[in-house]
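Engineer: Output the structure for:
(chains A and B)
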Number of protein chains: 2
Amino acid sequence: MTPFKLTEELLAEIEQLIENQQGTELVSLMAEVHYADVAEIINELNEDEATYLIKLLDSDKTSDVLTELDEDVREAILSNLSVKEIAEELEELDTDDAADIVAELPNEIVQEVISEIEDKEHAKDIVELLRYDENSAGGLMAKELVKVNENWNVLTCVKEMRAQAENVTRVHSIYVVDNEGILKGRLSLKDLLTTSTTAPIREVYIPKVDRVDVNEKPEEVAKIMQKYDLEAIPVVDEIGRLVGRITIDDIVDVIREEADRDYQMAAGISQGVEADDSIWELTRARLPWLFLGLLGGVGAAAIMGGFEEMIAKHAILFFFTPLIAAMAGNVGVQSSAIIVQGLANDDLKGSISNRLIKEMLLATLNGLILAAILLLFTWWWNGNFYTALAISLSLVAVIIVAGIIGTFIPLFLDKRGIDPAIATGPFITTSNDIFGILIYFWIAKLVLGI
Amino acid sequence: MTPFKLTEELLAEIEQLIENQQGTELVSLMAEVHYADVAEIINELNEDEATYLIKLLDSDKTSDVLTELDEDVREAILSNLSVKEIAEELEELDTDDAADIVAELPNEIVQEVISEIEDKEHAKDIVELLRYDENSAGGLMAKELVKVNENWNVLTCVKEMRAQAENVTRVHSIYVVDNEGILKGRLSLKDLLTTSTTAPIREVYIPKVDRVDVNEKPEEVAKIMQKYDLEAIPVVDEIGRLVGRITIDDIVDVIREEADRDYQMAAGISQGVEADDSIWELTRARLPWLFLGLLGGVGAAAIMGGFEEMIAKHAILFFFTPLIAAMAGNVGVQSSAIIVQGLANDDLKGSISNRLIKEMLLATLNGLILAAILLLFTWWWNGNFYTALAISLSLVAVIIVAGIIGTFIPLFLDKRGIDPAIATGPFITTSNDIFGILIYFWIAKLVLGI
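Structural biologist: Sure thing, here's the model as predicted:
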């Protein structure tokens, strides 16, 4: 099996077949293509072509294709489908994916779409999932799971399980509940295969099972599943009733999105844009941070304007402001990134003051090494030892202050319940630029006695 | 079940029990604690305490604990265990985890440890895994899997499977091979539960199965498993023989590590350090990038030195160099981050020149908006329209150039097979600082006619 690769030729061939309305050829061409690859193809087609293809293919395939499409493409296609056609797609999907799609539909058609779903149990589950906040375990979970009553025996259990498993793509664990639906424990498939059929479930299940509350944050669910190497975790409501199940593939998406968000925040990009978004969307994501940088730069200019009398005697000081600002920014980004990552991975121990002391020592060490190099260079270049000393001393001071700010701000934000990742990008660079330049000119003034 | 929380009190209690050698109390205290939590506790103990606890607990628990420990803690503990004790731990582990630990052992004891493993099949599998590059599918996979011969029938298959499943923690798929061991397809557990026992496997298996080559890069395996929502993928050798299996929990680690690495690279930190590493390790990871920043700053100073004659007439130009440098850096980081992320997520389509044109339009739009604001401000502040115009025009030019550099460099590195993430951090900031300042003074010279 060679991996699928979307080539220009393949795309041209598909567009040609669509134009000629060669449905049979298209169906047989797509038969062997995985739905994730079909989605990749459809993302490249125009709206009419995409709609034609979706209507042409079977809904057991297209439903999965829909979940993999870019959001704007999906929205466009759905707007061309009838209420009945949308309901048919939802029928084929797991409840979590179906609920995600319903949540994107225009409000006025939601009720109609749901009422067109023939499997009423499925429709009820979807409606229930819509109640939960998108940013919670409830918003991630699916209703598909295999559960058995603790009062059954293994034989009943296997029979029930076979019936339930029809609707569940992947069986990870069999959850055991009591008559009230309260989660009591789990059975593994392996246990079922190796236990006598008359044994009551009550006697064979494992009473210990990891679970999450329906209101838990997705990032917390991700941490728990990663730490304990879980492939699925049951979700319980406020009184402990089993209400759903989260599988690791959804968590992989959470992890990926969280990492992408932190990374973008550090780079001064907001709103989770992608390279293929429109120029307008990219501008909205980038311009605010650039504006912040502009303000910082104007602030720096104003500070330097205040030291204008120095320029006649020590122009060289002004030549080194970009260096000082850059170093302040770099150190600040480094230290804040380490803290933000430590917070995200939950491996920061010890008090804030210990962190600050450590960062101070580290910054002092780095600062002294770099300043020594800079001192020798500037002295050689300019010939004036005191100017060189002023610049180098400032560099040490600026690095220390930048390191402390970079360490303190994310820790402080985190304590306040604000996402510390905001402190890694232009925010920290800009504030460190200003502090850096201010410290620089102060120290220069002091050393040079101006 | 309340989630485990490592408190100061619990840690003190455990240390007390260890000091008093109250083994029975410790064993019963730890009985209910998950191995990942035991690892968290041991990471906080000193070497003697940790070794005592590991020796005290059963190796079916401690083997899993070992895999979760910080690398330096594990190394210290292993150095206190006898060859026989290490072999006992390895015996309990899946082959992939066992091989990872063996790879960390001092060379001189590896052979002895392996020969102490009683299960010779297990030992052979571990040795085989050691052959593979750590940074390949072979280095990630485990030998534990359930495979059946296409010539068996369902009954034989279920029997064989039960026997094999004893050694496999999680059964995802049953792989079907021919007499030569060539991977032919798969069976799902569900299929087995619902098919007649006399049916030959040849007639019921699914001949389509995703697979990866044993030499495939871990990042590629991660992309495939994410794209196709797989929880396990079989690994085949050069001639298509089934040699192992990779499960999603190992891939979650790959994704996390890759994201962490990209993030650190963008922040100017190398070598995958953590907040709790020593000052020396942190310095090694941070100093080289700071040194690069220092060089850039010196370069900028040299450039400004070349425009010294301007300083008497237009000191204000020098006040705005930090602004120009900061904006060049910010724009460069933004555009490179979007490209790097697009490359990592495999969703960049279209040619390099199209990307560059798009980035140019975007940068022009952003640049014009910011420059208009800056023009008004500087004009008002300084009173001289031409200086204000020079600064603002430069800003537009610098933003465009920075955006193009930020887009081009990662694309170029990627084409060359170099990790483009290297282009997101201090590298791009530093080069953009220099280009920015150079362009700035050139344009100022031109506009002001000096």
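Engineer: just the helices in the stretch 1-150 of chain A please.
Structural biologist: In the stretch 1-150 of chain A, helices defined by DSSP state H, counting those that start in this stretch lie at A:8-19, A:23-31, A:35-44, A:47-56, A:59-68, A:71-79, A:83-92, A:95-104, A:107-116, A:120-130, A:137-140, listed in chain order.
Engineer: hmm, the third one in reach of chain B?
Structural biologist: Meaning helix A:35-44. Yes: using CB under 8 Å from any CB of the partner chain, helix A:35-44 reaches chain B at A:Ala36, A:Glu44. (Glycine included, C-beta is placed from N, CA and C.)
Engineer: unless I'm mixing things up, A:Leu230 is touching A:Asp210, no?
Structural biologist: Yes: in terms of CB atoms under 8 Å, A:Leu230 counts as a neighbour of A:Asp210; the distance is 6.1 Å.
Engineer: Output stretch A:279-297 as CSV - backbone C-alpha positions only.
Structural biologist: Taking only C-alpha atoms (Å, rounded to 0.1, in the frame of the first residue of the first chain), the coordinates of stretch A:279-297 have been written out as CSV:
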residue,chain,number,x,y,z
ILE,A,279,-5.1,38.0,3.9
TRP,A,280,-7.9,39.6,5.9
GLU,A,281,-8.0,36.9,8.5
LEU,A,282,-4.2,36.9,8.7
THR,A,283,-4.1,40.7,9.1
ARG,A,284,-6.6,40.5,12.0
ALA,A,285,-4.5,37.9,13.7
ARG,A,286,-1.2,39.7,13.2
LEU,A,287,-1.9,43.5,13.2
PRO,A,288,-2.8,43.9,16.9
TRP,A,289,0.5,42.4,18.0
LEU,A,290,2.4,44.6,15.5
PHE,A,291,0.6,47.6,16.8
LEU,A,292,1.7,46.7,20.3
GLY,A,293,5.3,46.5,19.0
LEU,A,294,4.8,49.9,17.4
LEU,A,295,3.7,51.4,20.7
GLY,A,296,6.7,49.9,22.3
GLY,A,297,9.0,51.3,19.7
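Engineer: Touching it from outside, list them.
Structural biologist: Around stretch A:279-297, the neighbours that count as contacts under CB atoms under 8 Å, 6 or more residues apart in numbering or on different chains are A:264, A:268-271, A:273, A:277, A:425-427, A:429-431, A:433-434, B:320, B:322-324, B:326-327, B:330-331, B:334, B:338, B:358, B:361-362, B:365-366, B:369-370, B:373-374, B:399.
Engineer: same question, stretch A:228-236
Structural biologist: Taking CB under 8 Å, 6+ apart as the rule, stretch A:228-236 contacts A:137-138, A:141, A:145, A:170, A:172-173, A:175, A:183, A:186, A:209-214, A:221, A:224-225, A:242-248, B:34, B:36, B:170, B:231, B:248-249.
Engineer: Stretch A:237-255 and chain B, any residue contact?
Structural biologist: Yes: if you take CB under 8 Å from any CB as the test, stretch A:237-255 does meet chain B, through A:Ile248, A:Asp249, A:Ile251, A:Val252, A:Ile255.
Engineer: wait, the fourth one sits on B:Arg256?
Structural biologist: Yep, that's A:Val252 we're talking about. No: between A:Val252 and B:Arg256 there is no contact, the gap being 9.9 Å when judged by CB under 8 Å.
Engineer: Neighbour count for these two, which is higher?
Structural biologist: Set side by side, A:Val252 and B:Arg256 show more neighbours around A:Val252, with 22 against 19, by other CB atoms under 10 Å in any protein chain shown.
Engineer: Pass me the low-pLDDT residue ranges in the stretch 251-400 of chain A, would you?
Structural biologist: Low-confidence regions of the stretch 251-400 of chain A, defined here as pLDDT under 70, cover residues A:271, A:350.
Engineer: try 90
Structural biologist: Within the stretch 251-400 of chain A, the segments meeting pLDDT under 90 span A:252-290, A:292-293, A:301, A:304-318, A:326, A:329-330, A:333-362, A:378, A:381-387.
Engineer: Where do the helices of it begin and end?
Structural biologist: Per DSSP H, counting those that start in this stretch, the stretch 251-400 of chain A carries helices over the ranges A:279-306, A:310-313, A:315-319, A:321-344, A:352-382, A:385-415.
Engineer: among the contacts of stretch A:228-236, which are in strands?
Structural biologist: Using DSSP state E, A:Tyr175, A:Leu183, A:Arg186, A:Val212, A:Asp213, A:Leu242, A:Val243, A:Gly244, A:Arg245, A:Ile246, A:Thr247 are the members of those that sit in strands.
Engineer: In the stretch 101-250 of chain A, where is pLDDT below threshold?
Structural biologist: Segments of the stretch 101-250 of chain A classed as low confidence (criterion: pLDDT under 90) are A:134-135, A:144-148, A:152-174, A:186-210, A:219, A:223, A:226-231, A:248-250.
Engineer: show me what contacts the residue in the stretch 351-450 of chain A that chain B sits nearest to?
Structural biologist: In the stretch 351-450 of chain A, no residue comes nearer to chain B than A:Leu362, which is 5.0 Å away by CB to the nearest CB. With contacts taken as CB under 8 Å, 6+ apart, A:Leu362 has the following neighbours: A:Gly403, B:Ile279, B:Leu282, B:Thr283, B:Arg286.
Engineer: number of nearby residues for A:Tyr263?
Structural biologist: Residue crowding around A:Tyr263 was assessed by other CB under 10 Å; the count is 26.
Engineer: That one reaches B:Ala337, doesn't it?
Structural biologist: Yes: the pair formed by A:Tyr263 and B:Ala337 meets the contact definition of CB under 8 Å, at 6.6 Å.
Engineer: got any residues that touch both of those two?
Structural biologist: Counting by CB under 8 Å, 6+ apart, the shared contacts of A:Tyr263 and B:Ala337 are B:Ala266.
Engineer: how about the helices of the stretch 1-150 of chain A in TSV, adding mean neighbour count?
Structural biologist: Converted to TSV, the helices of the stretch 1-150 of chain A look like this (neighbours: other CB atoms under 10 Å in any protein chain shown):
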stretch	mean neighbour count
helix A:8-19	14
helix A:23-31	14
helix A:35-44	20
helix A:47-56	18
helix A:59-68	21
helix A:71-79	16
helix A:83-92	20
helix A:95-104	20
helix A:107-116	15
helix A:120-130	18
helix A:137-140	24
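Engineer: B:Pro200: which of those helices is closest?
Structural biologist: helix A:23-31 (25.3 Å; CB to CB).
Engineer: Residue of the stretch 1-150 of chain A nearest chain B, please.
Structural biologist: When scored by CB to the nearest CB, the stretch 1-150 of chain A has A:Ala36 as its residue closest to chain B, at 5.0 Å.
Engineer: residues in the stretch 351-450 of chain A within reach of chain B, list them.
Structural biologist: The stretch 351-450 of chain A has residues A:355, A:358, A:361-362, A:365-366, A:369-370, A:373-374, A:377, A:399, A:424, A:426, A:429-430, A:433, A:437 near chain B, with proximity defined as CB under 8 Å from any CB.
Engineer: right, and A:Val83 touches A:Ile109 too?
Structural biologist: Yes: because the distance of 5.9 Å satisfies CB under 8 Å, A:Val83 is recorded as touching A:Ile109.
Engineer: I'd assumed A:Leu93 was in contact with A:Phe63.
Structural biologist: Quick fix: residue A:63 reads Ser, not Phe. Yes: with contacts defined as CB under 8 Å, A:Ser63 counts as touching A:Leu93 at a distance of 4.8 Å.
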